[in-house]
Structures are given as structure tokens and as C-alpha cells.
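Undergrad: Here's my sequence, what's the structure:
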Amino acid sequence: MTEAGDDLWNYLSLQQKQEKTVLMKKLKGIECNRPFFLVVLSADQLHASFPPLPPSSRLVVATGFGDLKSPAGLQVLHDYLADKSYIEGYMPSQADVAVFEAVSRPPPADLCHALHWYNHIKSYEKEKASLPGVKKALGKYGPANVEDTAESGATDSKDDEDMDLFGSDEEEESEEAKRIREEHLAQYESKKARKQALVTKSSILLDVKPWDDEPDMAKLEECVRSIQADGLVWGFSKLVLVGYGIKKLQTQRVVEDDKVGTDMLEEQITAFDEYVQFMDVAAFNKI
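TA: Alright, predicted model coming up:
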């Protein structure tokens, strides 16, 4: 015991010494003849002996989600909503509005609980002012023992008016959102390339009519089939009676639409004017 402690001990009466000695002996594992004394300092003495730390070195730990603009804060929100539909209670309230406004953009797809909650509360945009409850500071919501790194006063009415409820398109998108967007673009480009590579074809049935019953129909067919072009494939042919002994040549062909047109064929077939009076399209079907 210190010299000061000896002085205090000497000032006690015999009865006080006996009472304090019995009390100290009752403490588990303690055997002593003299008690220890707790010297209580005043508030001024404490501040003088232990000056406060600067604000930059303080760690504020309290109830809340932390910084909801960071991936860590969104993860805390996601875990908190794993078994809950709302921030508080069983219906939308001002607690949901306060947390929603602190989230700068929709959570990534892998945080499904947080994203589902975000989209649900977003549907109450027009009714948010009428939702029950009183909006409190953001740190009053969420799990305990979370480092509060968000700026104070984020839920003040003035900040609420300036805050973009649905986030800004100019904000940097998350890695997950960027990956999903790039996948969708790649799928679109792939479908577009396949569509462009697809060759459209048509089956056309032509009627080729002679001037009268005198032309050699075998020669007429030979002239017609002599027309060749890339994307043109001739099919069957037959002679069909028109009347008064006159027959027409009916022939089928398959063409690639981008390469062969009916106007081109009509021009080349009617060029055999010694045999052909005119050409007509009897049937046209896409393949």
C-alpha cells in the first residue's frame, strides 16, 4: 500500500477498519489485512489526465448499415433482409424510405434480397410521404455493431429534397451490372449476325405463254432454262392447255431473294420474243 493509503487507513476508526477488513476477506481469492482504496477523480481531473482523442481517430460503432453507397454496406443490407421483408415491421414505413434514399442505385443482382426490397420500395415512390412512421437518422436502423461511416445529417429534410430518389445514370455502374450489360450486348450482336447470315428464298411458279399454237414448246422451254444466275435454281416444268390447241409452259424455280428478282427473269424470258408472248407469275411462296 502506498504512503497515502497508510494515512487514510490510520484515519479510520477501529469499527470501520474491522468492517472493511471483513468485507475484503469475503471477496473470492482475496486475503488481506488492509483493504485497497479506489480514488475517484473529478471530471476536470480526468480530462486533464486523459485528453480526448482527435475526431479523425475515433471509431463510431452503432446500430446501422454503414455506408450504403459501398459494396460492404449493401452486403450488410442484403444479409439483414434475408429473413425480413421490410426494415421495420411487416409493412412499408418511413424506415424503408430513409434506408432507400441512402442507397444511391439498385443493388447488384447477386444481392437478391436487397435488390428485391429496393424494387418493392421503389414502387411506393408516389406514396412515400404517406407511409406510416417517423423518419429517423439512418444509424437508428439495421443491425447492431456496424461501423457507421456514412456522413451525418444524410436524412435531413433539405438533403432529402436534393437527393435523387432513383440514382443517377451518370454514376459509375457496378462490376456486376457492367458484366450483365456486356453479356446482353454480346447476345444481341450474335443474334443480329445470325439474322444477317440467314438467306431468304422464295419458290415461284411461272406461266410462259407463246404467241399461238405454232411455236416449238420444247425449244421454248430450252430457251427459258438457258437463263442462269447465282441464286437461281430451276425446278419442274409442264405444258398446260390454255384453249384452242394453245399450250403454255408452266415452270417452277427457287430463287434467293437478295440475288434474283422476278423483274430480271421477266426481262430475260420475254427477250425470246420469237417464242414468248409474255410471262406471268402464277404463284409466289416464301421458303
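
Undergrad: Residue 227 and residue 269 touch, don't they?
TA: Yes - between residue 227 and residue 269 there is a contact at 6.8 Å, judged by Cβ atoms under 8 Å. Placement of C-beta: from N, CA and C, glycine included.

Undergrad: which one of those two has more residues nearby?
TA: residue 269 (21 against 16; other Cβ atoms under 10 Å).

Undergrad: for that one, what are its contacts?
TA: 206, 208, 224, 227, 276, 279 (Cβ atoms under 8 Å, 6 or more residues apart in numbering).

Undergrad: can you rerun that using 7 Å?
TA: 208, 224, 227, 276, 279 (Cβ atoms under 7 Å, 6 or more residues apart in numbering).

Undergrad: now it, nearest residue through space, not along the chain?
TA: residue 279 (4.8 Å; Cβ to Cβ, 6 or more residues apart in numbering).

Undergrad: from what I can see that neighbour touches residue 210, true?
TA: No - using Cβ atoms under 7 Å, residue 279 is not in contact with residue 210, being 11.1 Å away.

Undergrad: ok, back up a step: work out the sheet partners of the one helix or strand the residue nearest to residue 269 maps to and label each with its direction, please.
TA: For residue 279, the host element (DSSP states H and E) is strand 276-286. Using DSSP bridges, the strands paired with strand 276-286 are strand 201-210 (antiparallel).

Undergrad: Looks to me like residue 184 is in a helix.
TA: Yes - read with DSSP: H, G, I helix; E, B strand; the rest coil, residue 184 is one of the residues of a helix.

Undergrad: need the contact list for residue 177.
TA: Residue 177 makes contact with residue 108, according to Cβ under 7 Å, 6+ apart.

Undergrad: from now on call the first residue 148
TA: New numbering, starting at 148: the last item is residue 324.

Undergrad: Toward the C-terminus, what is the element adjacent to the lowest-mean-pLDDT helix or strand in the chain?
TA: Lowest by mean pLDDT, DSSP states H and E among the helices and strands of the chain is strand 208-209, with a mean of 40. As assigned by DSSP H and E, the chain's next helix or strand after strand 208-209 is helix 218-227.

Undergrad: what helices or strands is that following helix leaning on?
TA: helix 259-269 (3 or more Cβ pairs under 7 Å, 6 or more residues apart in numbering; DSSP states H and E).

Undergrad: Identify each buried residue in the helix or strand hosting residue 326, please.
TA: Using DSSP H and E, residue 326 maps to helix 322-344. For helix 322-344, burial by neighbour count (16 or more other Cβ atoms under 10 Å) applies to no residue.

Undergrad: what's the answer for stretch 407-420, then?
TA: Counting neighbours by 16+ other Cβ under 10 Å, stretch 407-420 gives 407, 412, 413, 415, 416, 419 as buried.

Undergrad: Repeat that for stretch 377-396.
TA: The neighbour-count criterion (16+ other Cβ under 10 Å) identifies 381, 384, 394, 395, 396 as the buried residues of stretch 377-396.

Undergrad: Same question for stretch 243-252.
TA: Within stretch 243-252, judged by 16+ other Cβ under 10 Å, the buried ones are 243, 244, 245, 246, 247, 248, 249, 250, 252.

Undergrad: wait, doesn't the third one sit right on residue 287?
TA: No - taking contact to mean Cβ under 7 Å, the distance of 8.4 Å between residue 245 and residue 287 leaves them out of contact.

Undergrad: that older thread, nearest to residue 268, of the buried residues of stretch 407-420?
TA: residue 407 (59.7 Å; Cβ to Cβ).

Undergrad: Ramachandran coordinates for the closest one?
TA: Geometry field for residue 407 lists phi and psi as phi -130, psi 130, criterion degrees, to the nearest 10.

Undergrad: OK, contacts around it?
TA: Contacts for residue 407 were tallied using Cβ under 7 Å, 6+ apart; they are 376, 378, 379.

Undergrad: How about residue 423?
TA: By Cβ under 7 Å, 6+ apart, the neighbours of residue 423 are 355, 357, 367, 416, 417.

Undergrad: Please identify the helix or strand for the third one.
TA: Secondary-structure assignment from DSSP H and E places residue 367 in helix 364-372.

Undergrad: Once you drop chain neighbours, what's closest to residue 290?
TA: Residue 290 sits nearest to residue 227 (Cβ to Cβ, 6+ apart), 5.6 Å away.
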